[in-house]
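[1] return atomic coordinates for the entry below.
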Amino acid sequence: MTTADSAGKRLHIVVPYRDRESHLQEFVPRVSAYFDRLAPRIEYRVTIVEQEAGLPFNRGALKNAGFLLGEERSDYTCLHDVDYLPVDADYSWADCPTCILWYGAEQRPVAPGRSDRTVTTNLESSMGGVLLMPNTVMRQVDGYSNAFWGWGYEDFDFSLRIRARRIPTGRRKGRFRPLDHDNDGFTPDAAPSPISLVNRRVFQELWSGGKIPAGDGLSTLSFDVLDRRPCDGGIAGAEGLWEVVRVRFSHAPRPDQVSAAAGHGAS
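    All right, here's what the predicted structure looks like:
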C-alpha cells in the first residue's frame, strides 16, 4: 500500500455500541488523538451505532446499520469494537478485507475480577475486532448476517461470506490496548455460554445447505433512527466528526436467543 493509493480515500469508522459508557469515554479521546497525529492524515468520520434497550445486543446488524448510515460519504469502512484502543495501527486504505488487530487481542479474560480463565483468539484467521472493508466489497458480500442476537458467530459468518466468494484478505499487525469486560460468550469457567450455543445452531442452520446464505444482510436490514447526537468529547478539531446514532431494528430475535441471552445476562 502506498501513500498514493490512500490519497483521497475517505474512512468511516463504525462502532457497534450499548452500555459501555466507561469504554466510550476512553475510546473517543484516544482515537481522536491518534488520528490527529497521523501523517499523512486520513479523512475520517466516526459513527457510534447504539442499539436501543430491550432486545439482546445484535452486533452484526449494528455494523450493517452503521455502514448504511455512512456509505455515501466514504470509500472504506472500519468495523471497530469499542474495547480496543489503537497504540500503533495502520488505518490507511485497504483494497481488500483487512484485519488490523493483532497485539492486544491474543488472550482476553472471560470474567475480570471473578475468574482467572481466558479465551485465546486465532489471530491468523480472525476477522473481528478492528477490520477495514472497502465499501464495494462490503456490498459484494451483503454485509453481516442480521440473525445473531446476544453474542457470537457474526464475525465467523462474515469471514465465511468473504472466503466462500474467494475474495482475497489481508492482515496488518496493529498494536492495541484492550479494555477488559465480561465475555458473554463464555461462563466464568470458560465453557460456552447458553447464548453462544444457540447462535452456533443458528450459524449451522444458515450454512447447512452448503451454499452462501442469501437474503440476510445489508439488503434486508430495516431500522429506524431514534436520535442522533454529537460525540466528540469536546476535543479541539474533532467537532462534527463523531456522532452517536441510536437505532431500533424492525426484525426480532428467535425465542431461544431471547431466553438464552436473558439467562446469561447478554445484552
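[2] now stretch 245-258: buried residues?
    Val245, Arg246, Val247, Phe249, Pro253, Asp256, Gln257, Val258 (16 or more other Cβ atoms under 10 Å). Quick note: C-beta positions are derived from backbone N, CA and C, even for glycine.
[3] ok, now stretch 150-161?
    Gly150, Trp151, Gly152, Tyr153, Glu154, Asp155, Phe156, Asp157, Phe158, Ser159, Leu160, Arg161.
[4] what does stretch 206-218 give?
    Applying 16+ other Cβ under 10 Å to stretch 206-218 flags Leu206, Trp207, Pro213, Asp216, Gly217, Leu218 as buried.
[5] can you check stretch 56-73 too?
    Neighbour counts over stretch 56-73 (16+ other Cβ under 10 Å) mark 56-70 as buried.
[6] what's the spacing between that stretch and its chain's center?
    9 Å (Cα atoms, centre = their mean, to the nearest Å).
[7] farthest-separated two in the buried residues of stretch 245-258?
    Pairwise distances across these (Cβ to Cβ) peak at 29.3 Å, for the pair Val245 and Asp256.
[8] how about low-confidence regions in the chain?
    Applying pLDDT under 70 to the chain flags the ranges 1-5, 108-113, 115-116, 118, 120, 181-183, 185-186, 232-238, 264-267.
[9] helices of that one, residue ranges please.
    Counting by DSSP state H, the chain has helices at residues 3-6, 21-37, 59-70, 135-140, 154-163, 194-206, 255-264.
[10] export those helices to a markdown table and append columns for distance to Asp88.
    Conversion of the helices of the chain to a markdown table gives the following (distance: least, Cβ to Cβ, whole Å):
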| stretch | distance to Asp88 |
| --- | --- |
| helix 3-6 | 17 |
| helix 21-37 | 9 |
| helix 59-70 | 24 |
| helix 135-140 | 25 |
| helix 154-163 | 23 |
| helix 194-206 | 32 |
| helix 255-264 | 35 |
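[11] tell me which of those helices sits nearest to Arg172.
    Shortest distance between Arg172 and the helices of the chain, using Cβ to Cβ, is found for helix 3-6: 13.1 Å.
[12] minimum distance to Tyr103: which of the helices of the chain has it?
    helix 21-37 (15.1 Å).
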